[in-house]
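Asker: What would the 3D arrangement of this be:
(chains A, B, C and D)
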Protein chains: 2
Amino acid sequence: MIVERIYKAVMEQRLAPNTKLSEARLCEAFGVGRMRVRRALLLLSSQGIVNLQSNRGAYVSCPDESEANDVFEARLLIEPPLVRKLAAAPNETSLRLLSDHIALEDAARNKNQRIEVIRLSGEFHVKLAQAAGNKVISRMMRELVTRTSLIVGLFGRSSNSSCPDGEHAAILDAIQQRDPKRAEKRLILHLDHIRNGLDMDARKPPLDDLASILGAS
Amino acid sequence: MIVERIYKAVMEQRLAPNTKLSEARLCEAFGVGRMRVRRALLLLSSQGIVNLQSNRGAYVSCPDESEANDVFEARLLIEPPLVRKLAAAPNETSLRLLSDHIALEDAARNKNQRIEVIRLSGEFHVKLAQAAGNKVISRMMRELVTRTSLIVGLFGRSSNSSCPDGEHAAILDAIQQRDPKRAEKRLILHLDHIRNGLDMDARKPPLDDLASILGAS
DNA sequence: TTGACAAAAATTGTTAACAATAATGTATTG
DNA sequence: CAATACATTATTGTTAACAATTTTTGTCAA
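Answerer: Numbers count the residues shown, from 1 in each chain, chains lettered A, B, ... in the order given. Model prediction:
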């Protein structure tokens, strides 16, 4: 799916905000007709990942400070109750799902696969929603996480462009021990860390060269 | 906007689940080309309002019990912290927005404008999100409320097809008095009432006659 | 009457040409 | 040389025709 590819590229911060996504180039890059591309862009724009300007084309969304605040507020609203619920009544499958994912994260980190680490870090939070077994929330979390990627890419200080090490494991640990309050606390702390890694004054320049960026996913 | 019109029709329960939305008929009803219609249907399907089946057309989404649970769970996850936050620090504009809306609801009720009451009841919850000043959450709430409309239309017992009288006012009252806990409690109670008005075994037949349903909005 | 099969109709998916708009480059003028 | 007006180019938006698929209809035989 073409939407997934762009999603992934954004999550891995290979597609910088404000990058222009021209139809012709995307058609070429993905080897599909204009219809498919336009459909994908429409969907992406409906999720705030892409900015669709009338008669001017599609651009990777470039969230401002206010939008960044909204996204983080939404996450702080949704995720704490989510992990609380998860920790209150976790099932085997969910726990397995999460620990497997953390194993993936660790592996990628050890191999110094930077962009893989970035993407997996984001996906962990989506997996939290999936573990809670709620498709509606899963979809919302995915959108929020992807938009967070954009925000971190824009405002993040160069060092920590993803979730700090070990914090995911700490959250899972609290869930495994059926300790809702601790799980919630650790999650909030985790989100705070991500947010504190931002510098709301800094802005970074967009890059280009779509074909090479999107082609290799 | 054509999406808004369909949204509205669903919210007012004039478009029953499983109703087929054929492109030709929609083109006729709205007086637009097929492109616009297809774009609208795609957006609606991405929000779970419409079910897009390959080569078979678009149908008003017909949520099953599991989906209904997910929607209510999502609302119970998001709305309580939302009103808590709102009650903790309400601003004048928000309070005005909400009380004005409740006035609208009352007026419609007094005039026995049933479908108007149904729609306004749903919109109140969207206004709660707007009052909190968060666009991301507002969009999510709108989707959730619309899907709830579908669910109530499907599983609701004939009597209470919308939010019980006065409960919105009670929530606003708690917010006005800056009482987060009470506001949260009343909201949870309110959502419970809606949910208790459902009968998960009953299903209702779809209707038809698109032009007349959509035309008058 | 019912069932299976085939033809026809209707509906959706795709493509390609066309129109409209914005971006770019060029020349002319002060 | 700078700036503006104009022409050219490129890109997006729309329309309409075509292809593919599904649904319906009609026919015939059991």
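Asker: Can you report how many residues lie near the nearest residue to A:L76 once chain neighbours are set aside?
Answerer: In this structure, A:L76 finds its nearest non-sequential neighbour in A:L191, 5.9 Å apart by C-beta to C-beta, 6 or more residues apart in numbering or on different chains. To be clear about C-beta, it is placed using only N, CA and C from the backbone, and glycine gets the same treatment. The tally of other residues near A:L191 (other C-beta atoms under 10 Å in any protein chain shown) stands at 19.
Asker: pull the helix or strand with minimum mean pLDDT from chain A.
Answerer: In chain A, the helix or strand scored least confidently by mean pLDDT, DSSP states H and E is helix A:210-215, which has a mean of 42.
Asker: shaky segments in chain A?
Answerer: A:158-162, A:203-217 (pLDDT under 70).
Asker: Swap in 90 and give it another go.
Answerer: Per-residue confidence for chain A (pLDDT under 90) gives these ranges: A:1, A:11-14, A:114-115, A:118, A:153-154, A:156-166, A:200-217.
Asker: And the strands in it, which stretches?
Answerer: A:20-21, A:50-53, A:57-60 (DSSP state E).
Asker: Same list, those, but as a markdown table with distance to chain B and mean neighbour count please.
Answerer: Listed next are the strands of chain A as a markdown table, based on distance: least, C-beta to the nearest C-beta, whole Å; neighbours: other C-beta atoms under 10 Å in any protein chain shown:
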| stretch | distance to chain B | mean neighbour count |
| --- | --- | --- |
| strand A:20-21 | 17 | 18 |
| strand A:50-53 | 11 | 17 |
| strand A:57-60 | 14 | 19 |
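Asker: the helices in chain A, which residues?
Answerer: Remark: helices assigned in chain A by DSSP state H are A:2-11, A:23-30, A:34-46, A:65-88, A:92-110, A:114-131, A:135-155, A:167-176, A:180-196, A:210-215.
Asker: Any idea which of these gets closest to B:Q176?
Answerer: helix A:65-88 (21.4 Å; C-beta to C-beta).
Asker: got the contact list for the residue nearest to A:L76?
Answerer: Going by C-beta atoms under 8 Å, 6 or more residues apart in numbering or on different chains, A:L191 touches A:72, A:75-76, A:79.
Asker: Could you do A:Q176 as well?
Answerer: Counting by C-beta under 8 Å, 6+ apart, A:Q176 has contacts A:90, A:95.
Asker: distance of it from DNA strand D?
Answerer: 46 Å (C-beta to the nearest atom of the strand, to the nearest Å).
Asker: repeat for A:E12
Answerer: Distance of A:E12 to DNA strand D, computed by C-beta to the nearest atom of the strand: 23 Å.
Asker: for A:R139, same thing?
Answerer: Counting by C-beta to the nearest atom of the strand, the separation of A:R139 from DNA strand D is 25 Å.
Asker: Count the residues that sit near that residue.
Answerer: By other C-beta under 10 Å, 20 other residues sit near A:R139.
Asker: before we move on, what about A:T148?
Answerer: Around A:T148 there are 24 other residues, counting by other C-beta under 10 Å.
Asker: which residue sits closest to it, ignoring its sequence neighbours?
Answerer: Nearest to A:T148 is A:V71, by C-beta to C-beta, 6+ apart, at 6.0 Å.
Asker: Wait, the one you found touches B:I137, no?
Answerer: No. Taking contacts as C-beta atoms under 8 Å, A:V71 lies outside contact range of B:I137: 9.8 Å.
Asker: Dump stretch A:145-156 to CSV, keeping only the CA atoms.
Answerer: Output in CSV follows, covering the C-alpha atoms of stretch A:145-156 (Å, rounded to 0.1, in the frame of the first residue of the first chain):
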residue,chain,number,x,y,z
VAL,A,145,2.4,8.7,16.7
THR,A,146,3.1,9.6,13.1
ARG,A,147,2.4,13.2,13.7
THR,A,148,4.7,13.1,16.7
SER,A,149,7.4,11.8,14.4
LEU,A,150,6.9,15.0,12.3
ILE,A,151,7.1,17.1,15.4
VAL,A,152,10.2,15.5,16.8
GLY,A,153,11.8,15.7,13.4
LEU,A,154,11.0,19.4,13.3
PHE,A,155,11.7,20.6,16.8
GLY,A,156,13.8,17.7,18.3
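Asker: and chain A, what are its domains?
Answerer: Using automatic domain parsing, the domain ranges for chain A come out as A:2-62, A:65-196.
Asker: Tell me the residue of chain A that sits nearest DNA strand C?
Answerer: Closest approach between chain A and DNA strand C, counting by C-beta to the nearest atom of the strand: A:G33, at 3.0 Å.
Asker: for that residue, phi and psi?
Answerer: Here is the backbone geometry of A:G33 (degrees, to the nearest 10): phi -80, psi 170.
Asker: Could you check how far it is from B:A58?
Answerer: As defined by C-beta to C-beta, to the nearest Å, A:G33 lies at a distance of 21 Å from B:A58.
Asker: Tell me which residue lies farthest from the centre of chain A.
Answerer: Within chain A, A:N55 marks the point farthest from the mean C-alpha position, 28.7 Å out by C-alpha atoms, centre = their mean.
Asker: how near is that residue to chain B?
Answerer: According to C-beta to the nearest C-beta, to the nearest Å, A:N55 stands 15 Å off from chain B.
Asker: try A:A131
Answerer: Applying C-beta to the nearest C-beta, the value for A:A131 to chain B is 14 Å.
Asker: Find the nearest non-adjacent residue to that residue, please.
Answerer: Using C-beta to C-beta, 6+ apart, the closest residue to A:A131 is A:S94 (3.6 Å).
Asker: Right, I'll leave it there.
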